[in-house]
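Quick one: sequence plus predicted model below, questions after.
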Amino acid sequence: MKSHGYAAHDAKSALVPFSFDRRDPGPNDVVIEIAYCGICHSDIHQARNEWKNSLYPMVPGHEIVGKVSKVGTSVKKFKEGDLAGVGVMVDSCRVCANCVAGDECYCEKGMVGTYNGKDYEGNLTFGGYSNNIVVDERYVLSVSPKLNLAAVAPLLCAGITTYSPLRHWKVGKDSKVGIIGLGGLGHMGLKFAHSFGAHVVQFTTSESKIEDAKKLGAHEVVVTKNPDEVAKHVNSFDFILDCVSAPHDVNQYLNLLRLNGTMCMVGLPEDPVSIAAFSTIVNRRSFSGSMVGGIPETQEMLDYCAEHNIVSDIELTSVQKMNEAYERVLKSDVKYRFVIDMASLAQ
Ligand code: NAP
Ligand code: ZN
Ligand code: ZN
């Protein structure tokens, strides 16, 4: 099947138009005409080979929504015209304990990434900065027509990546929760923690985001450049979600956890994190991480969002302006997720 989109060809150059082939849809496949695709900071890390695992040519994009244009003969969940989404994975082994439990992102054989990956036949996968995609229905999510479709796109990565750890660590009305970094992930973590009834404190380096953070659901906002403001919260949090994309000192946040509190990294700075032993032994604190979420939980999150009217706050952009959007994300100048209108591909 013919596809076209935008690709990175090396770590240094801007993304450029790119035509390529996808597999022809098989009996279990769904073809989606992509309407919108979010720009995740992971797209930038990988386009620029910051994690040292990049495969080129790379068509990034794993916050994909659109309309089903074709279904294989055995497809049960979807029909032509349905709204559908695809997140960070398009396959996994399906038989290991983690896949069977619905934790496909932790597949023992390794999940197949939507892009910058290889399928089990060894072919490169290409993501959502493109006009269409072919995916086995097992890895395709149902999207409610109730919500603004463009603003749903970021839920497929930023949404599930923050929803999953908040659920895993049972954040609820008795929790005091900290969210670090008000970007794509951070603003979704803030919305979910607020929606689950927690007392939420947003940590930000950007004074300009204080008012927005409050509107998005923060009960308190701490500007992290002021150490005194941070210190006021020492030994008080049940759970802290770290959504920062760049190197930073995690010890100053670990010190804010109360007895048995947990700090969870979802941000993926390229360099290793350094932890002082004292930051964890005091209060028997845990330092952990979490990777997106499995398919059943992603569907649960999308259904939760439809029920509670939760979407991402987005700025719509075009493929032509994508490289500019990348630069703005790198400057933390994002409110709060760029989403590419794929209709711009035709221009
Ligand atoms: P983003 O929109 O760029 O947000 C990152 C935010 O971090 C910025 O808006 C900024 O918020 C803060 N920040 C940036 N530089 C900082 C610095 N030097 N020190 C302190 N704070 C800083 O990125 P995103 O798309 O939300 O992604 C965040 C990270 O999560 C990325 O590393 C991405 O690769 C990773 N990620 C992980 C998973 C997973 O499965 N675990 C999934 C998706 C993404 P303020 O202006 O509020 O300070
Ligand atoms: Zn992502
Ligand atoms: Zn598996």
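Ah, there it is. Ligands and ions are numbered 1, 2, ... in the order given.

can you list the weak-confidence ranges in the protein?
Applying pLDDT under 70 to the chain flags no residue at all.

quick check: domain ranges of it?
For the chain, automatic domain parsing gives the domain ranges 2-157+312-346, 159-289.

and the residue of the chain nearest ligand 1?
Across the chain, no residue is closer to ligand 1 than residue 183, which sits at 1.8 Å (Cβ to the nearest ligand atom). Heads up, the C-betas are built off the backbone N, CA and C, glycines and all.

Which parts of the stretch 151-300 of the chain are helices?
For the stretch 151-300 of the chain, the helices defined by DSSP state H, counting those that start in this stretch occupy 158-168, 184-195, 210-216, 227-231, 251-254, 277-281, 295-308.

mind putting the ones you listed in a markdown table, mean neighbour count and distance to ligand 2 included?
Shown next, in a markdown table, are the helices of the stretch 151-300 of the chain (neighbours: other Cβ atoms under 10 Å; distance: least, Cβ to the ion, whole Å):
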| stretch | mean neighbour count | distance to ligand 2 |
| --- | --- | --- |
| helix 158-168 | 25 | 7 |
| helix 184-195 | 27 | 8 |
| helix 210-216 | 16 | 19 |
| helix 227-231 | 12 | 27 |
| helix 251-254 | 20 | 22 |
| helix 277-281 | 13 | 28 |
| helix 295-308 | 19 | 12 |
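
Can you tell me which of those is nearest to residue 104?
Comparison of these against residue 104 by Cβ to Cβ identifies helix 295-308 as nearest, at 5.5 Å.

which strands and helices sit next to the closest one?
Judged by 3 or more Cβ pairs under 8 Å, 6 or more residues apart in numbering; DSSP states H and E, the packing partners of helix 295-308 are strand 141-142, helix 158-168.

residues in contact with the first one?
Okay, so that is strand 141-142. With contact meaning Cβ atoms under 8 Å, 6 or more residues apart in numbering, strand 141-142 is reached by 77-78, 82-87, 156, 295, 298-299, 302.

cool, stretch 71-85 as well?
When contacts are defined by Cβ under 8 Å, 6+ apart, stretch 71-85 is touched by residues 25-32, 64-70, 137, 140-145, 149, 152-153, 155-156, 302.

go on, stretch 232-240?
166, 169, 171, 174-180, 201, 222, 253, 255-258, 261-264, 283.

Quick check, residue 308 in contact with residue 197.
No. Counting by Cβ atoms under 8 Å, residue 197 is not a contact partner of residue 308; they are 11.8 Å apart.

Once you drop chain neighbours, what's closest to residue 312?
Once flanking residues are discounted, residue 312 sits nearest to residue 154: 3.8 Å by Cβ to Cβ, 6 or more residues apart in numbering.

swap that for residue 342, sorry
residue 34 (4.9 Å).

where's the one you found, which helix or strand?
Assessed by DSSP states H and E, residue 34 sits inside strand 29-38.

So residue 18: helix, strand or coil?
strand (DSSP: H, G, I helix; E, B strand; the rest coil).

For the closest residue to ligand 2 within the stretch 201-347 of the chain, give its distance to residue 307.
Nearest residue of the stretch 201-347 of the chain to ligand 2, counting by Cβ to the ion: residue 292, 7.4 Å away. According to Cβ to Cβ, to the nearest Å, residue 292 and residue 307 sit 21 Å apart.

returning to that earlier point: how many neighbours does the residue of the stretch 201-347 of the chain closest to ligand 2 have?
Counted with other Cβ atoms under 10 Å, the burial measure for residue 292 works out to 25 neighbours.

contacting residues for the closest residue to residue 240 other than its chain neighbours?
What sits nearest to residue 240 in space, not counting adjacent residues and going by Cβ to Cβ, 6+ apart, is residue 178, at 4.0 Å. Counting by Cβ under 8 Å, 6+ apart, residue 178 touches 200-203, 233, 237, 239-241, 253, 256.

about what we covered before: buried subset of the contacts of stretch 71-85?
25, 29-32, 64-68, 70, 137, 140-141, 143, 149, 152-153, 155-156, 302 (16 or more other Cβ atoms under 10 Å).

which of those residues come close to ligand 3?
For ligand 3, no contacts are drawn from the buried ones among the contacts of stretch 71-85 by Cβ under 5 Å from the ion.

circling back: show me what the residue nearest to residue 342 is bridged to.
Counting by DSSP bridges, residue 34 is bridged to residue 66.
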